[in-house]
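>>> Everything below, folded, please.
(2 chains)
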Amino acid sequence: MLYVVIIFLCLSLLMYVLLGGADFGAGIVEIFTPFSMREKLRDTTYKTIGPIWEANHMWLIIAIVILFVGFPPIYTMLSVHLHIPLALMLIGIIGRGTAFVFRHYDAYQDDMQKVYNFIFTYSSFITPFFLGLIFGAAVGGQIDPEAAGFYEAYILPWFNLFSISVGVFTVAICGFLASVFLVGEAKRADVKLVVVRKAKLFIVFTVLAGGFVFASSLIDEVPLVELLLTEWITIGTLVLATLAMIVLWMQLRSGSNLLVRFLCGFVVTAILLAFGYHYFPDMIITKSGENLSVFNSAAVGKPVETLGWALLIGSVFILPSLFYLLYSFQGDKEINQANG
Amino acid sequence: MDDLLAARSQMALSLGFHIIFACIGMVMPFFMATSHYKYLKTANPIYRDLTKAWSKGVAIFFVTGAVSGTVLSFELGLLWPEFMLHAGPIFGMPFSLEGTAFFIEAIALGFFLYGWGKFKPWFHWFTGVVVGISGLASGILVVAANGWMNSPSGFDYVDGKFLNIDPVAAMFNDAWFTQALHMTLAAFAATGFAVAGIHAFMMLKGKSGDFHRKAFTIAILFGAVAALLQPISGDISAKDIAVRQPAKLAAMEAHFETSKSAPLIIGGIPDEEAKEVNYAIKIPGALSFLAHGDFEAEVMGLDQFPEEHHPPVMVTHFAFQIMVGLGMILVGLSLLYFIALWKKKSWQLKRWFLWLFVLATPLGFIALEAGWTVTEVGRQPWIIYEIMLTKDAVTPIPGIQYSFFIFTAIYLSLTVIVTFLLYRQIKAVPESLNQKRDVPAES
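Next up, the predicted model:
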């Protein structure tokens, strides 16, 4: 059962990055879009993510619940030592979720929209940045359970070049996911042109940010590069991701929506897989070297077993309806016609 | 402000905020589905417009409830890591099921909100019903988790260690049923009266009478039935707490000394130093009867507990009085409504009648917040009743007051924005009714 729980944890994190990431990305892309085009882009965004965005957000809750039920030492250590970035990420989550709905459901489309848009776009940026930063900090090796000083215990674990670079990388990935996804959704030629350009921009960003992660790991002495280069699975996965990225670039304008989206999802999944494989089973790398892994931090006995069953039973209900939801609202099916 | 107080305040604020939105998000889908059912049966477009108008409210409240709930799931760890380290695996069962229920709710809401004209009408209606049922289920599950803090079970506590954990037994703790029943009824009563009050106000302003009358009727029927059932649930809760958490009952009643034939204390100002209540009305023997069903029974007072384990009497007592008092007012209004429904039809159009319901708009929610104050403050100083003290669970990170200030500011601004949005939503209803009668409304 422990493996079931671990698989669900990885799955929910992956789904959150993929679906939630595309979702955050929509806001990030908006920041990089000229004001004159934002209105049209927004219409596309609404139609695309409107029906599913709340479900996307649920993956995070599932992951958190799995952590505190199944792996409480990991959940509490993150909560204590990464309190500040977690709180900042929460502020981003609040701002983004509410602003998205406010701007959509406000009865009048007036100047208040500017306020909602401002909150929406910038919190779309802040949330994945801190999410990535937290990922980076967890494996960055700067968390010291013995630290006494405020700076050493609560600031240093995340306020370092490596964590920040992972945060930037996450932002780039979200923009990449969203812009490629929107390419398939854009019906009008002018919108499509904008989105294709954004997609290319974010591919470049992603590659640069990935380089930044490696560079900062060398500067901060996080043993990432030399270890990655000794594991053939991670090397293979990263090479495949790179190849997929190149094909994606060439197919972006004229390729089929399905292929482009598949490649985009594949690239991100491969990157996560490579890093996940590299760190597995550790979740938190500490300064003392006593790392917290999914094995040594798992709750003993029944909690993990019941959690596993709850997840299995839940997925029987959730996954089919979620896929039906995604299927019902994707692509060419007209949504806003013929109201009751 | 020390860190413990700041952490408690932030938690109280987050919960207090979340509860309102979660309750509305949990109950309004039922109003929406009822109106939708009427539309499918009668084909009266007013019901369609009403369903759509309410569904926008549901969306706004669902999302605000969902994000504030997400915040809470993080705050449990951010503020009480020591508690979560031990409690997480034990009371996590309802949370993991709640995740499923909530996920289903989010998916169903996606279908419902964006599904107008896209699915077969009854399937579309069904997705709305699923929103309600799964929302209700997630509410009950979260309350079950809270019940565990009041009545910890499903583990053996040996030498400070939590052993032999049984998450299913923990979920079905002794408090879960009474708390879930009381909470569910409270949510229906509070939301029913609040929604009815708003529509009564619109009727008074003379706008789209038929629309608001239908809305008022659906909302008040749910609210009034729940309000009438609530005293029964309250009685079950009181008898339960008398056995399970006598210190909480003593604090609720400001009952300082153990006595037989204990009086029920109504109102009054507790003096925690002198251990007495001033200016109160006392009904002899009534507390013994309410707590144990016997006018002579002995009721445990605070003197049975060490001073450092006393809950704050003043806050708990006042909150309890407010909850019961407001609950009684809602019972009275519910009776009045049913009298009007059966015997005095003419009352329903009278201004004084509508004004009573307008004035009652916030009462249910004030009672609800007061009720949660009783549950949570009445449990202090324990975070896990008689197992772990709140002060031993608080996070070691200093400066929590800054976090408290920031989150207070965020919640205040959200409250302002949501109120503003609802105001505009309601203001827009008659316009859309007049202009878009036969034009498809935006989904």
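>>> The residue of the stretch 151-300 of chain B found nearest chain A: how many residues sit nearby?
Closest contact between the stretch 151-300 of chain B and chain A, by Cβ to the nearest Cβ, is at B:Pro167 (4.5 Å). Any C-beta I mention is one placed from the backbone N, CA and C, and that applies to glycine too. Look at B:Pro167: counted by other Cβ atoms under 10 Å in any protein chain shown, it has 27 neighbours.
>>> didn't it look like it was pressed against A:Pro303?
Yes: shown here, B:Pro167 and A:Pro303 form a contact pair, counting by Cβ atoms under 8 Å, at 5.3 Å.
>>> shared neighbours of those two, which are they?
B:89-90, B:92-93 (Cβ atoms under 8 Å, 6 or more residues apart in numbering or on different chains).
>>> Quick one: name the residues of the stretch 1-150 of chain A near chain B.
A:50-52, A:54-55, A:57-58, A:60-62, A:64-66, A:68-70, A:72-73, A:75-76, A:78-80, A:83, A:86-87, A:90-91, A:93-94, A:97-98, A:100-102, A:105-108, A:150 (Cβ under 8 Å from any Cβ of the partner chain).
>>> Show the buried residues in those residues.
With neighbours counted using 16 or more other Cβ atoms under 10 Å in any protein chain shown, those contain these buried positions: A:50-52, A:54-55, A:57-58, A:60-62, A:64-66, A:68-70, A:72-73, A:75-76, A:78-80, A:83, A:86-87, A:90-91, A:93-94, A:97-98, A:100-102, A:105-107.
>>> Flag every buried residue along the helix or strand containing B:Tyr337.
According to DSSP states H and E, B:Tyr337 maps onto helix B:313-342. Residues of helix B:313-342 classed as buried: B:313, B:315-324, B:326-327, B:329-331, B:333-334, B:336-337, B:340 (neighbour count, 16+ other Cβ under 10 Å).
>>> for the biggest helix by length in chain A, what is the average pLDDT?
Assignment by DSSP state H gives helix A:189-219 as the longest helix of chain A. Helix A:189-219 shows a mean pLDDT of 87.
>>> Quick check: which helices or strands does that helix pack against?
helix A:21-31, helix A:35-49, helix A:161-185, helix A:225-228, helix A:232-251 (3 or more Cβ pairs under 8 Å, 6 or more residues apart in numbering or on different chains; DSSP states H and E).
>>> Just put those helices in a markdown table and tack on mean neighbour count.
As requested, the helices and strands packed on helix A:189-219 are arranged in a markdown table below (neighbours: other Cβ atoms under 10 Å in any protein chain shown):
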| stretch | mean neighbour count |
| --- | --- |
| helix A:21-31 | 27 |
| helix A:35-49 | 17 |
| helix A:161-185 | 26 |
| helix A:225-228 | 13 |
| helix A:232-251 | 15 |
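>>> In a markdown table, list those along with distance to B:Glu273 and mean pLDDT.
Listed next are the helices and strands packed on helix A:189-219 as a markdown table, based on distance: least, Cβ to Cβ, whole Å; pLDDT from 0 to 100:
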| stretch | distance to B:Glu273 | mean pLDDT |
| --- | --- | --- |
| helix A:21-31 | 55 | 83 |
| helix A:35-49 | 59 | 73 |
| helix A:161-185 | 52 | 89 |
| helix A:225-228 | 65 | 74 |
| helix A:232-251 | 68 | 87 |
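>>> just for chain B, where's the confidence low?
B:207-208, B:429-443 (pLDDT under 70).
>>> Strands along that one, start to end?
B:156-158, B:161-163, B:259-260, B:264-271, B:276-283, B:298-299, B:382-384, B:388-389 (DSSP state E).
>>> Can you tell me which of these is most buried?
Counting by mean count of other Cβ atoms under 10 Å in any protein chain shown, strand B:382-384 has the highest mean neighbour count of the strands of chain B, with a mean of 22.
>>> Whether it contacts chain A - can you check?
No: against chain A, strand B:382-384 shows no contacts by Cβ under 8 Å from any Cβ, the least distance being 14.2 Å.
>>> I'd say B:Thr34 and B:Ala215 touch.
No: between B:Thr34 and B:Ala215 there is no contact under Cβ under 8 Å: 10.4 Å.
>>> And the two? Which one has more around it.
Counted by other Cβ under 10 Å, B:Thr34 and B:Ala215 do not tie: B:Ala215 has more neighbours, with 27 against 22.
>>> Spatially nearest residue to that one, not counting backbone neighbours?
Spatial nearest neighbour of B:Ala215, excluding adjacent residues (Cβ to Cβ, 6 or more residues apart in numbering or on different chains): B:His199 at 4.3 Å.
>>> That neighbour: what's it in contact with?
Residues in contact with B:His199 (Cβ under 8 Å, 6+ apart) are B:212-213, B:215-216, B:219.
>>> 7 Å - rerun?
B:212, B:215-216, B:219 (Cβ atoms under 7 Å, 6 or more residues apart in numbering or on different chains).
>>> Those residues in helices, which ones?
Those of the contacts of B:His199 lying in helices (DSSP H): B:212, B:215-216, B:219.
>>> Let me know the closest of the residues you listed to A:Ile134.
A:Ile134 has its nearest neighbour among the ones in helices among the contacts of B:His199 in B:Ala219, at 42.7 Å by Cβ to Cβ.
>>> ok, the closest one - contacts?
B:31, B:192, B:195-196, B:199.
>>> which stretches of chain B form helices?
Under DSSP H, chain B gives helices at B:3-42, B:45-79, B:81-114, B:121-150, B:167-171, B:176-204, B:209-244, B:246-252, B:286-292, B:313-342, B:351-359, B:363-377, B:390-393, B:400-435.
>>> what packs against the fourth one?
When you say that, I think you mean helix B:121-150. helix B:3-42, helix B:81-114, helix B:176-204 (3 or more Cβ pairs under 7 Å, 6 or more residues apart in numbering or on different chains; DSSP states H and E).
>>> ok, and which of those has the densest surroundings?
Among the helices and strands packed on helix B:121-150, highest average neighbours (mean count of other Cβ under 10 Å) belong to helix B:81-114, with a mean of 25.
>>> where does the residue in the stretch 101-250 of chain A that chain B sits nearest to fall, helix, sheet strand or coil?
Going by Cβ to the nearest Cβ, chain B is nearest to A:Ala107 of the stretch 101-250 of chain A, at 3.6 Å. Following DSSP: H, G, I helix; E, B strand; the rest coil, A:Ala107 is assigned to coil.
>>> Same question for the one 3 residues further on.
The three-state label for A:Asp110, taken from three-state DSSP, comes out as coil.
>>> Check the one 4 residues further on too.
At A:Lys114 the chain is in helix, as set by three-state DSSP.
>>> Next, count neighbours for it.
Neighbours of A:Lys114 (other Cβ under 10 Å): 10.
>>> Could you count how many residues lie near the residue nearest to B:Gln304 when sequence neighbours are not counted?
Using Cβ to Cβ, 6+ apart and skipping residues adjacent in sequence, the residue nearest B:Gln304 is B:Thr258, 5.7 Å away. Look at B:Thr258: counted by other Cβ under 10 Å, it has 15 neighbours.
>>> quick one: contacts for B:Thr258?
The contact partners of B:Thr258, taken as Cβ under 7 Å, 6+ apart, are B:298, B:300-301, B:303-304.
>>> how close does the nearest residue to A:Leu208 once chain neighbours are set aside sit to A:Leu248?
The shortest distance from A:Leu208 to any non-neighbouring residue, by Cβ to Cβ, 6+ apart, is to A:Ala172 (7.6 Å). Using Cβ to Cβ, to the nearest Å, A:Ala172 is found at 15 Å from A:Leu248.
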